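Visitor: need coordinates for the below:
(one chain, ligands or ions: 2)
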Amino acid sequence: MLQQDVKKVLFSAEDITEKCKALGKQITEDYAARGEVPLLVALLKGSIPFLSELMKYIDLPVELDFMDVSSYDGTESVGEVHVIKDLDRAVKDVNILIVEDIVDTGRTLHSISNLLLYKGAKEVRICTLLDKPERRVVDIDVDYVGFNCPNEFVIGFGLDFNEKYRNLPYIGVLKEELYQ
Ligand code: IMP
Ligand code: MG
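Guide: Ligands and ions are numbered 1, 2, ... in the order given. This is a model prediction of the structure:
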């Protein structure tokens, strides 16, 4: 039923699992080599399926925390997000790895990274399942990318359209007639 709204599948559940294994291995090796353990900060709600899959393959004693932010609609401002749910813990001197579903303009992650650094985080790295580099407005360093994503509106595996389709087990393109 949900399937009928999908124009095409871009990344299957199997593709995503394989990618999470590779990313988890890379993250494990990178942090182990430096003798560090990141705090995984997942951005609600879109990153939840990705976090759940990815963390199984990170072989380090990581801790989890969650943030929910919204950007101020209709402004071109950078560095401004509205924090709806803040982290439970302090981040002073902590190595943070942000886990995000997709980087689009880069505004959200630019703002959150600055906020966390301002609060005294030792380092902020970024791991995103999808990246739309063509859409970038703010230059940010993305440390770990699952897939480069074509410039189309995608849904599934956490990504929503009007809060729906997050529960699709794969990532697909929504039929245009549904958002026009
Ligand atoms: P940015 O600040 O423009 O990088 O915004 C990133 C946020 O926009 C993501 O966390 C998503 O919530 C949302 N987003 C961007 N592109 C898509 C898409 O194709 N499908 C669903 N959500 C998207
Ligand atoms: Mg998001």
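
Visitor: can you pull the contacts of Ile102?
Guide: Contacts for Ile102 (CB atoms under 8 Å, 6 or more residues apart in numbering) come out as Gly46, Thr128, Leu129, Leu130, Asp131, Lys132, Cys149, Val154, Leu159. Every C-beta, even on glycine, is put in place using the N, C-alpha and C of the backbone.

Visitor: if we ignore the residues flanking it in sequence, what's nearest the first one?
Guide: Counting by CB to CB, 6 or more residues apart in numbering, the nearest residue to Gly46 once its immediate chain neighbours are dropped is Asp101, at 3.6 Å.

Visitor: the contacts of Ile102 in strands, which ones?
Guide: Secondary structure from DSSP state E places Thr128, Leu129, Leu130, Asp131, Val154 of the contacts of Ile102 in strands.

Visitor: who wins for most neighbours among the contacts of Ile102?
Guide: Leu129 (30 neighbours; other CB atoms under 10 Å).

Visitor: gap between that one and ligand 1?
Guide: 10 Å (CB to the nearest ligand atom, to the nearest Å).

Visitor: circling back: nearest to Asp30, out of the contacts of Ile102: which one, please.
Guide: Thr128 (15.6 Å; CB to CB).

Visitor: what bridges to the closest one?
Guide: Judged by DSSP bridges, the bridge partners of Thr128 are Glu100, Val145.

Visitor: phi, psi of Asp5?
Guide: phi -90, psi 0 (degrees, to the nearest 10).

Visitor: what number of residues lie near it?
Guide: So Asp5, with other CB under 10 Å, has 17 neighbours.

Visitor: which pLDDT value goes with it?
Guide: Predicted confidence (pLDDT) for Asp5: 96.

Visitor: for it, what are its contacts?
Guide: Listed by CB under 8 Å, 6+ apart, the contact set of Asp5 reads Tyr165, Leu174, Lys175, Leu178.

Visitor: just list the residues touching the first one, thanks.
Guide: Think Tyr165. By CB under 8 Å, 6+ apart, the contact set of Tyr165 is Leu2, Asp5, Ile155, Gly156, Leu159, Leu174.

Visitor: how about 6 Å then?
Guide: Contacts of Tyr165 were listed using CB atoms under 6 Å, 6 or more residues apart in numbering, and they are Ile155, Gly156.
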